[in-house]
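Trainee: Sequence plus predicted model, see below.
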Amino acid sequence: MEFNLSLARHLVRSISLISLTALATVVGFSYLVRSSPMSSTSASMKGTFPSPAIDMPKSTAKGEQTLVLAGGCFWGVEAVFEHLKGVSNVVSGYSGGSANTAQYERVGSGQTGHAEAVKITYDPSKISYGQLLKVYFSVAHDPTQLNRQGPDVGSQYRSAIFFSNPEQKRVAQAYIQQLNQARVFSKAIVTQLTPLNKFYAAEGYHQNFIAKNPNHPYVVIHDLPKLNQLKQQFASLYHN
C-alpha cells in the first residue's frame with residue numbers, strides 16, 4: 001500500500017484532538033473551550049487592537065469586491081468571515097501553487113507551494129477592506145506564527161494576504177507596519193504579501209465545514225473560540 005503522508009498527518013492530528021477532548025471533559029475544561037472568547041490570536045495580543053489608519057473608503061455605489069486570505073486551517077477562517085455583515089460569500093480553497101496540485105492530499109504535503117486560503121466576496125459599501133483586515137489580524141488567526149497555526153505545521157498553513165491590485169497591497173502593508181510599530185503583538189507579524197495569481201476552490205466537503213460539523217473536536221477546540229471572540233469584539237459587524 002502506498003504511504004500517504006497527508007493522510008497519516010491528519011490521522012495523527014485527529015487522534016491527538018480526541019485525546020485532548022477526552023482529557024478536557026475529565027477536568028471540566030471543555031466548557032471553558034466552548035464559552036471562552038479567548039483565541040490563540042488574542043492570547044498573543046497586547047492591549048487594544050487598532051483600526052487601520054489607512055483604508056479604502058467605503059464605496060457609496062453597490063458592487064462586490066473580493067480578497068484572498070490565508071491563516072492556517074481554512075475551516076475556521078472561512079467561518080469567521082461568513083459571520084460578517086457585508087460579506088456575501090466565502091469559499092475555502094488553495095492559493096500560491098499550480099492547478100494540477102490544488103488537491104487537499106497534495107497540498108497537505110507542504111510541497112505544492114499552496115496555502116489553505118479563503119476567497120471572500122464582500123460589499124465595500126457595507127464593510128471596508130480595512131475592517132476585513134482588522135478581523136483577519138485580530139480574530140481569524142495569529143499572524144506571528146511562521147508556517148503554522150496552533151497544531152497545524154507547514155507552509156500550507158502560512159499567514160498570507162494574496163493581493164489582487166496595488167491598493168490592496170498598499171493598505172495591507174501600511175496596516176502591518178502600523179501593528180508592528182504599535183507592538184500590538186508580543187512578536188513581529190510574519191504575514192506574507194503575495195500577488196494573487198489563481199485561487200482554486202477546495203473539495204466540497206471542506207465548504208461550510210464548521211456549520212456542518214460543529215462538534216468536530218478540532219472545531220470545538222480551535223475554531224468555536226474564534227467565533228465567540230468575533231461576536232464579542234465585533235458585535236456591530238456580526239451576524240448569525
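Mentor: Looks like it came in fine. Numbering: from 1, shown residues only.
Trainee: Do a quick rundown of the strands in this structure.
Mentor: 65-71, 87-95, 115-122, 148-149, 152-153, 159-163, 192-195, 199-201 (DSSP state E).
Trainee: can I get those in JSON lines with mean neighbour count, distance to residue 224 and mean pLDDT?
Mentor: Glycine gets a C-beta too; all of them are placed from N, C-alpha and C. Listed next are those as JSON lines, based on neighbours: other Cβ atoms under 10 Å; distance: least, Cβ to Cβ, whole Å; pLDDT from 0 to 100:
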{"stretch": "strand 65-71", "mean neighbour count": "23", "distance to residue 224": "16", "mean pLDDT": "98"}
{"stretch": "strand 87-95", "mean neighbour count": "20", "distance to residue 224": "17", "mean pLDDT": "98"}
{"stretch": "strand 115-122", "mean neighbour count": "25", "distance to residue 224": "18", "mean pLDDT": "98"}
{"stretch": "strand 148-149", "mean neighbour count": "20", "distance to residue 224": "15", "mean pLDDT": "97"}
{"stretch": "strand 152-153", "mean neighbour count": "16", "distance to residue 224": "16", "mean pLDDT": "98"}
{"stretch": "strand 159-163", "mean neighbour count": "23", "distance to residue 224": "21", "mean pLDDT": "98"}
{"stretch": "strand 192-195", "mean neighbour count": "14", "distance to residue 224": "27", "mean pLDDT": "98"}
{"stretch": "strand 199-201", "mean neighbour count": "17", "distance to residue 224": "24", "mean pLDDT": "98"}
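Trainee: Out of the ones you listed, which gets nearest to residue 234?
Mentor: Of all the strands of the chain, strand 87-95 sits nearest to residue 234, with 11.8 Å by Cβ to Cβ.
Trainee: partner strands of that closest one, parallel or antiparallel?
Mentor: Strands flanking strand 87-95 in the sheet, each with its direction: strand 115-122 (antiparallel), strand 199-201 (antiparallel) (DSSP bridges).
Trainee: ok, back up a step: which among the strands of the chain is found nearest to residue 79?
Mentor: strand 87-95 (8.2 Å).
Trainee: List the contacts of the closest one.
Mentor: Applying Cβ atoms under 8 Å, 6 or more residues apart in numbering, the contact partners of strand 87-95 are 64, 68, 70, 74-75, 77-78, 81-82, 102, 107, 112, 114-123, 127, 132, 160, 162, 196-202, 206-207, 209.
Trainee: do stretch 102-117 as well
Mentor: 4-7, 9-10, 68-70, 72-74, 77, 92-98, 101, 154-158, 160, 162, 199-200, 202-203, 206.
Trainee: Right, I'll leave it there.
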